[in-house]
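Asker: Here's my sequence, what's the structure:
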Amino acid sequence: MSKTMIWWGGQYPDLEAMTRGGEGSMNGWLGIEFLSCGDDWIKARMPVNERTRQPFGRLHGGASVAFAETVGSVAAGWCVDRTRFVGVGMEINANHVRPARDGFVYALAKAEALGRTTQVWTVRIEDEEERLVCLSRFTVAVIPLERK
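Answerer: Presented below is the predicted three-dimensional model:
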């Protein structure tokens, strides 16, 4: 992927709108907030708390996957004409590398391939000390909005 701007219309996404868009859904329930972006990446955070921990006090692997898919899906949607298309999850994998027990985890999503009908994203989730917690690859199908 080149270092050119990937965002639709050549404008950076509205991070507050990305965060607000998750209200009333899993994104909001998990506490996901979009923080920053660059030409070909986006960064978000999610708290490690009673909503995202498994019974043994560690970040739940499913919460990490939901976080990765959320960040990748939302980012994918801002790479297409959102009045005509939407990005939906097609496939995701995740390697859970180390536990996180509290604070926040941060996801950095980078576009690897942006095709007309398919996108591939790498999502790196790190703890507050920048240690790798989870590494995910996420494939998105770009479909017409009326099919969502």
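
Asker: Can you show me the strands along the chain?
Answerer: All strands of the chain, identified by DSSP state E, fall at 33-37, 41-47, 85-96, 104-114, 118-126, 132-144.

Asker: and the ones you listed as TSV, adding mean neighbour count and mean pLDDT?
Answerer: The way it works is simple: take the backbone N, C-alpha and C, and place the C-beta from them, glycine included. Shown next, in TSV, are those (neighbours: other CB atoms under 10 Å; pLDDT from 0 to 100):
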stretch	mean neighbour count	mean pLDDT
strand 33-37	18	98
strand 41-47	22	98
strand 85-96	16	96
strand 104-114	19	97
strand 118-126	21	98
strand 132-144	19	97
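
Asker: Just put those strands in CSV and tack on distance to Ser25.
Answerer: Putting these into CSV (distance: least, CB to CB, whole Å) gives the following:
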stretch, distance to Ser25
strand 33-37, 14
strand 41-47, 14
strand 85-96, 14
strand 104-114, 17
strand 118-126, 18
strand 132-144, 17
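
Asker: these two touch, right, Thr19 and Gly31?
Answerer: No - Thr19 is not in contact with Gly31 according to CB atoms under 8 Å; the separation is 9.9 Å.

Asker: so the lengthiest helix in the chain versus strand 104-114, what angle?
Answerer: Using DSSP state H, we find that the single longest helix of the chain is helix 61-77. Angle of helix 61-77 versus strand 104-114, following axes from the mean of the first three to the mean of the last three CA atoms, to 10 degrees, is 50 degrees.
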